[in-house]
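> Sequence first, then the predicted structure, then my questions.
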Amino acid sequence: MSVPRSEQSEFTYAHLPENIHQLTLHTSSLTALTSCFDQLDAIFASAPQDKPLLLLSDIRQSGTPPLTALMQQTQRLRIKFPQHEFVYDAVLHNMSGTMQVTFIKVLQQLAVLFGARVAFFPANERDEAIAWLLAKSNPTYSR
């Protein structure tokens, strides 16, 4: 599923080597978040259930997306795809202080609801985020 041209400046998707799905929010708009979850819908629909799903969520440019919409979209995705067992999300961010703590707590709670594992990486640790995902790519990996 490709993102409509008018939304490309707000959200981009790339399928990286080693089957990592990079989701980049360029703005914190509802449009960008909706485009991201439309892409996630397509990813989940085509992902094998018995293999880890590796996501690299890049919010370095956008900052925190709208939290209410994030929770609603996550819940919708969880209801639609309850059977995917191994979801790993490495989140690249530029946050600090109270905003970082609040956002991390919200995302961790959403991850628990979804049965996913999430890890947070500062903006300059993209290589570490990818290494964390690659360590999870082994199907025999224990949660």
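Received it, and whenever you're ready, just let me know what you need. Numbers count the residues shown, from 1 in each chain.
> Please, where are all the strands along the protein?
11-16, 20-25, 53-58, 87-93, 117-122 (DSSP state E).
> Is it possible to get TSV of these that adds distance to D38?
In short, each C-beta sits where N, CA and C put it, glycine included. As requested, the strands of the chain are exported to TSV (distance: least, Cβ to Cβ, whole Å):
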stretch	distance to D38
strand 11-16	9
strand 20-25	11
strand 53-58	14
strand 87-93	17
strand 117-122	20
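> who wins for proximity to Q39 among those?
Taking Cβ to Cβ, strand 11-16 is the member of these nearest to Q39, at 4.8 Å.
> and the closest one, what other elements does it pack with?
Judged by 3 or more Cβ pairs under 8 Å, 6 or more residues apart in numbering; DSSP states H and E, strand 11-16 is in contact with strand 20-25, helix 30-46.
> tilt between the first one and strand 53-58?
Pointing back at strand 20-25 there. Angle of strand 20-25 versus strand 53-58, following axes from the mean of the first three to the mean of the last three Cα atoms, to 10 degrees, is 30 degrees.
> Run the chain-centre distance for strand 20-25.
Mean-position distance between strand 20-25 and its chain equals 7 Å (Cα atoms, centre = their mean, to the nearest Å).
> Can you tell me the strand partners of that strand and which way each runs?
Applying DSSP bridges, strand 20-25 is found paired with strand 11-16 (antiparallel), strand 53-58 (parallel).
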